[in-house]
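**Q** Structure here, sequence nowhere to be found:
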DNA sequence: CTCCCGATAT
DNA sequence: ATATCAGGAG
């Protein structure tokens, strides 16, 4: 179980008070759109993703549309999110696999989701939580960094961090916890210049005024 | 481990 | 100029 149950409980309580109504910031209308938007979000801000998805989903609506489209069309539509060659290819092959193996629908298990091109555990857990309400710990750059700073894990491996966090956070809070750290990471505990002097978790953090 | 890559903040 | 952004694949 938890090595610091009281401290972790306080951290969760404070985060919940600060961020009572968290949800994904990736704009979408359905499961497929969220899957595509999350693939696009790799090493890219949500803001940049939300800037391209309205036009992207106006041009290409269904997995069939993405499967048939010339790759250059997809590349152009997503260009500003970066890694556009890889992302376009992954999204198209993802759409094709959805049609061939999953009846054109987004699957609801992590084992199936991570089979899709461009979909790793982070993307899969985003979709599981937001679309299907299935508990999952989303370990992105924010969750990894802040978990290390708070001393909730000593690992740099996202898979190990995910496991460490699932061991110390109640399953019912996995989805919210990920989002709390992401909101917190953007607003306070950012990568380059964490605002420790004004941080509401400093008294519970073993590494105030330090960088990891 | 390296590569993929544009947009933004510092 | 450099670091970073809701990572994933080879």
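**A** Noted; the coordinates are in hand. Just so it is clear, the model here is predicted, and its values are computed rather than measured.

**Q** buried set for stretch A:138-148?
**A** Using 16 or more other CB atoms under 10 Å as the test for burial, stretch A:138-148 gives A:138-140, A:142-148. Bear in mind the C-beta positions are built from the backbone N, C-alpha and C, glycine included.

**Q** Actually, stretch A:96-105.
**A** Buried residues in stretch A:96-105, counted by 16+ other CB under 10 Å: A:96-99, A:102.

**Q** That one near DNA strand C anywhere?
**A** No - Stretch A:96-105 stays clear of DNA strand C (CB under 7 Å from any atom of the strand), getting no nearer than 10.4 Å.

**Q** Can you give the contact residues for that stretch?
**A** Here stretch A:96-105 makes contact (CB atoms under 8 Å, 6 or more residues apart in numbering) with A:31-32, A:62-64, A:67, A:106, A:112, A:115-117.

**Q** Mind checking which of the buried residues of stretch A:138-148 are in helices?
**A** Those of the buried residues of stretch A:138-148 mapping onto helices are A:142-148, per DSSP state H.

**Q** which of those are close to DNA strand C?
**A** A:142, A:145.

**Q** Can you lay out the ones in helices among the buried residues of stretch A:138-148 as JSON lines showing pLDDT and distance to residue A:18?
**A** What follows is those, written out as JSON lines (pLDDT from 0 to 100; distance: CB to CB, whole Å):
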{"residue": "A:142", "pLDDT": "98", "distance to residue A:18": "15"}
{"residue": "A:143", "pLDDT": "98", "distance to residue A:18": "16"}
{"residue": "A:144", "pLDDT": "98", "distance to residue A:18": "20"}
{"residue": "A:145", "pLDDT": "97", "distance to residue A:18": "18"}
{"residue": "A:146", "pLDDT": "97", "distance to residue A:18": "13"}
{"residue": "A:147", "pLDDT": "97", "distance to residue A:18": "17"}
{"residue": "A:148", "pLDDT": "96", "distance to residue A:18": "20"}
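
**Q** What is the nearest of the ones in helices among the buried residues of stretch A:138-148 to DNA strand B?
**A** For these, the minimum distance to DNA strand B (CB to the nearest atom of the strand) is 13.7 Å, reached by residue A:144.

**Q** Spit out the contact partners of that closest one.
**A** Contacts of residue A:144 (CB under 8 Å, 6+ apart): A:156, A:158, A:161.

**Q** Could you pick out which of those are located in helices?
**A** Judged by DSSP H, these include A:158, A:161 as members of helices.

**Q** among the contacts of residue A:144, which are within reach of DNA strand C?
**A** Counting by CB under 7 Å from any atom of the strand, residue A:158 from those sit close to DNA strand C.
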